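A.B. asks: What follows is a predicted protein model with its sequence.
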Amino acid sequence: MLKNWLIPQGAGNPIGGLQFCGCGLRTMMPTGNEAGISLRRPPVIIKGKRARTVDVHAHCFFQSAIDLMGDEAPSVIPPVKGVPEHFIDIPSRLSAMDRMGIDMQVLSINPFWYRKDRDTAEAICRINNEGLAELCAREPNRFAGFASLAMQFPDLAVQQLEEAVRKYGLKGAAIGGSVAGRDFCHPEFHPVLAKAEELGVMLFIHPQSTPELQHRFKGNGWLANTIGNPLDTTIALEKLIFEGIFDQYPKLKVLAAHGGGFLGSYAPRMDRSCFVSPKNCNPDIVLRKKPSEYMRQIYVDSLVFTPEALRHLAAEVGAGQIMIGTDHPIPWEEDPVTHVMSTPELSDDDRLGILGENAIQVLGLNV
């Protein structure tokens, strides 16, 4: 099977060498600096135990899937540092993980196919999921994966999720903050939520900015990302909370990127909204808990940049709900272990959990 995925150097991939699936997975050993003898970060020992480290927010691309976007393909590649590294060269990626002190990455692909027709979206997701499965099979102790789903076709997404978990061994699925502005709390998406709950797997919400505000994000500072991404996640989570999704699917596992957006910093405001303005709330939806209390059943990553921010996030959601997230190979967080270890007020068990034990337990990882 593998030979069908190999492409020669220069055949539409920016990395070179014999590569798998357009993702840049080399079958040839690199030479020189690439062979790299990497500088592995010393392991962290806590309570006499080596801390296992898992990054649940790391990315890759498969060129053959991007190619199916046709004229839209150039827009798939983000204008960031780290683009070549999205097309995984296994030795280089493992070397980078070693330098960061990461034992395992849970790989995902930000959805770029939600506006495509059914056949195209299905083909893109098939390439992604088969590619992720192959990467995980090559390095089962270093890589796990979140599947790609054609969420604009919920019936297809249900099939894809079941296949991804049962056939390919993926750990759930990565979804956007919405499908072209249509929130996942709406009934047409409930079969996907129900299937994720049935399978006991994670839905990883990764935002795609907030396109409705695109005109206001223009200008200096890349506000479409720095504001748009956490805002998109915040909206997605609040819609799930206020529309009663976590009551309807109490065992649903949701992981939110970038520390859950802005929600971890301002969740208690939700508790006053329907008191202050009953006319803006639906009397037919009666939540079983205060809105802010649902934060304690949402998982978030640690990508909040400062120890104080991580300390506050742990106080709001609970340290048991947090997992390392870096956004690798985009260089948002390049020293995730120190980020956790330098955060005040965490216990030894908190640190062990955030570094890896939470992810290992919730996702069923073999690290």
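C.D. replies: Nice, thanks for sending it over. Residues are numbered from 1 along each chain as shown.
A.B. asks: all helices for the stretch 251-367 of the chain, in order.
C.D. replies: Secondary structure of the stretch 251-367 of the chain (DSSP state H, counting those that start in this stretch): helices at 263-266, 270-276, 307-317, 336-341, 348-352, 358-363.
A.B. asks: Would you mind listing the buried residues in the fourth one?
C.D. replies: This points to helix 336-341. For helix 336-341, burial by neighbour count (16 or more other C-beta atoms under 10 Å) applies to 336, 337, 339, 340, 341. Every residue, glycine included, has its C-beta placed from N, CA and C.
A.B. asks: Check the first one and give its pLDDT.
C.D. replies: Put plainly, it is residue 336. Residue 336 carries a pLDDT value of 98.
A.B. asks: all numbers from here: first residue = 53
C.D. replies: Okay, using 53 as the starting number, the last item reads as residue 388.
A.B. asks: Could I get the helices of the stretch 303-419 of the chain in a markdown table, plus columns for distance to residue 275?
C.D. replies: A markdown table is the format used below for the helices of the stretch 303-419 of the chain (distance: least, C-beta to C-beta, whole Å):
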| stretch | distance to residue 275 |
| --- | --- |
| helix 315-318 | 18 |
| helix 322-328 | 24 |
| helix 359-369 | 19 |
| helix 388-393 | 24 |
| helix 400-404 | 33 |
| helix 410-415 | 31 |
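A.B. asks: and residue 140, which of these is closest to it?
C.D. replies: helix 388-393 (18.7 Å; C-beta to C-beta).
A.B. asks: and the residue nearest to residue 133 when sequence neighbours are not counted, how many neighbours?
C.D. replies: Spatially, and ignoring its direct neighbours in sequence, residue 133 is nearest to residue 383 (5.6 Å; C-beta to C-beta, 6 or more residues apart in numbering). Look at residue 383: counted by other C-beta atoms under 10 Å, it has 12 neighbours.
A.B. asks: if I read this right, residue 383 contacts residue 134, doesn't it?
C.D. replies: Yes - counting by C-beta atoms under 8 Å, residue 134 is a contact partner of residue 383 at 5.9 Å.
A.B. asks: what's the burial count for the closest residue to residue 396 other than its chain neighbours?
C.D. replies: Among residues not flanking residue 396 along the chain, residue 363 sits closest, at 5.4 Å (C-beta to C-beta, 6+ apart). Other residues within reach of residue 363, judged by other C-beta under 10 Å, total 17.
A.B. asks: again with residue 109
C.D. replies: Taking other C-beta under 10 Å as the criterion, the count of residues near residue 109 is 29.
A.B. asks: pLDDT at it, what is it?
C.D. replies: Residue 109 carries a pLDDT value of 98.
A.B. asks: What are the phi and psi values at it?
C.D. replies: phi -130, psi 80 (degrees, to the nearest 10).
A.B. asks: How about it, nearest residue that isn't a chain neighbour?
C.D. replies: The shortest distance from residue 109 to any non-neighbouring residue, by C-beta to C-beta, 6+ apart, is to residue 377 (3.2 Å).
A.B. asks: Do I have it right that the one you found meets residue 357?
C.D. replies: No - counting by C-beta under 8 Å, residue 377 does not reach residue 357; the two are 11.2 Å apart.
A.B. asks: follow-up on the earlier one: and the residue nearest to residue 396, how far is that from residue 398?
C.D. replies: Using C-beta to C-beta, to the nearest Å, one gets 7 Å for the distance from residue 363 to residue 398.
A.B. asks: what's the answer for residue 225, then?
C.D. replies: 30 Å.
A.B. asks: Which of the two has more residues huddled nearby?
C.D. replies: Using other C-beta under 10 Å, the more surrounded residue of residue 225 and residue 398 is residue 225, with 28 against 20.
A.B. asks: nearest residue to that one other than its sequence neighbours?
C.D. replies: residue 199 (4.3 Å).
A.B. asks: Of all the helices of the stretch 303-419 of the chain, which one comes closest to residue 280?
C.D. replies: Using C-beta to C-beta, these put helix 315-318 closest to residue 280, at 15.1 Å.
A.B. asks: give me the element residue 147 is part of.
C.D. replies: Take DSSP states H and E as the rule and residue 147 turns out to sit in helix 142-152.
A.B. asks: Mind giving me the packing neighbours of that helix?
C.D. replies: With contacts defined as 3 or more C-beta pairs under 8 Å, 6 or more residues apart in numbering; DSSP states H and E, helix 142-152 has these neighbours: strand 77-78, helix 135-138.
A.B. asks: what do you get if the cut-off is 10 Å, keeping everything else the same?
C.D. replies: If you count contacts as 3 or more C-beta pairs under 10 Å, 6 or more residues apart in numbering; DSSP states H and E, helix 142-152 packs onto strand 77-78, strand 106-111, helix 135-138, strand 156-160, helix 170-190, strand 195-197, helix 388-393.
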